[in-house]
Structures are given as structure tokens and as C-alpha cells.
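> How does the following fold in three dimensions:
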Amino acid sequence: MLGYGPYGMMGYGGWGVMGWMMSLFWVLLMVIAVMAVVWLVRASATGGRYPPRNERDASGLDVLGERFARGEINRDEYLQRKRDLLAHGGSD
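Numbers count the residues shown, from 1 in each chain. Alright, predicted model coming up:
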């Protein structure tokens, strides 16, 4: 076998170092592919945006600003509640 030993070029069992490295490469490639598919599914489900924040995580001013932007409260009510929040330290 021209100096490759009694088991041939690939070593014992036909795998050898290069065989194991190629197997590891394909496993890593599959893991990356699965992660990419999961990311794409999540991104398409949220329209490419991050999922909405939980209101418990938002500060009072953030929630107030969102309600004003959606038109749930008018400008005067927004300004009054903003003053109240800032006066009582409720910004976080």
C-alpha cells in the first residue's frame, strides 16, 4: 500500500482524521442551516421587526408615548400624565 500502513490511507476502519473532520464539518453545517431557518421563520412571523416589548418592561413614559401615538389619549391628557409621572419619579 505504498507506506500507508496495513489499513490503507484512511486508517483503521476507513475514517482516519480527515474523515472525522469532514463529519464534524457537515454536522456544523447542518446546525448553522437549522439556526438560519429558525431565524428566518421568526423574522417572517414578526414582519422583520423585533417582537413587541412586554408592557411590564416598558417605563411609564414609554407606555404613555405609545398610547399617545396610537391615538388612545389626546395631547392635553398626554401632557398632564407626563407631568404627573415626572413629578412622582415614575419614569422607570
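> Count the residues that sit near L64.
Neighbourhood size, L64 [other Cβ atoms under 10 Å]: 22. For glycine as for every other residue, the C-beta is placed from the backbone atoms N, C-alpha and C.
> In terms of residue numbering, what are the domains of this structure?
Using automatic domain parsing, the domains assigned to the chain come out as 1-51, 55-92.
> Pick out the shakiest of these, pLDDT-wise.
The weakest mean pLDDT among those belongs to domain 1-51, with a mean of 75.
> what about L64, distance to A87?
Separation of L64 from A87 (Cβ to Cβ, to the nearest Å) stands at 13 Å.
> If you could redo that for N74, that was the one I meant.
Computed as Cβ to Cβ, the N74 to A87 distance reads 20 Å.
> Run through the neighbouring helices and strands of the lengthiest helix in the chain.
The longest helix of the chain (DSSP state H) is helix 16-45. Contacting helix 16-45 under the criterion 3 or more Cβ pairs under 8 Å, 6 or more residues apart in numbering; DSSP states H and E is no other helix or strand.
> need the next SSE after it, C-terminal direction.
Downstream of helix 16-45, the first helix or strand assigned by DSSP states H and E is helix 60-70.
> Check which residues of that following helix are buried.
By neighbour count with 16 or more other Cβ atoms under 10 Å, helix 60-70 contains the buried residues G60, L64, F68.
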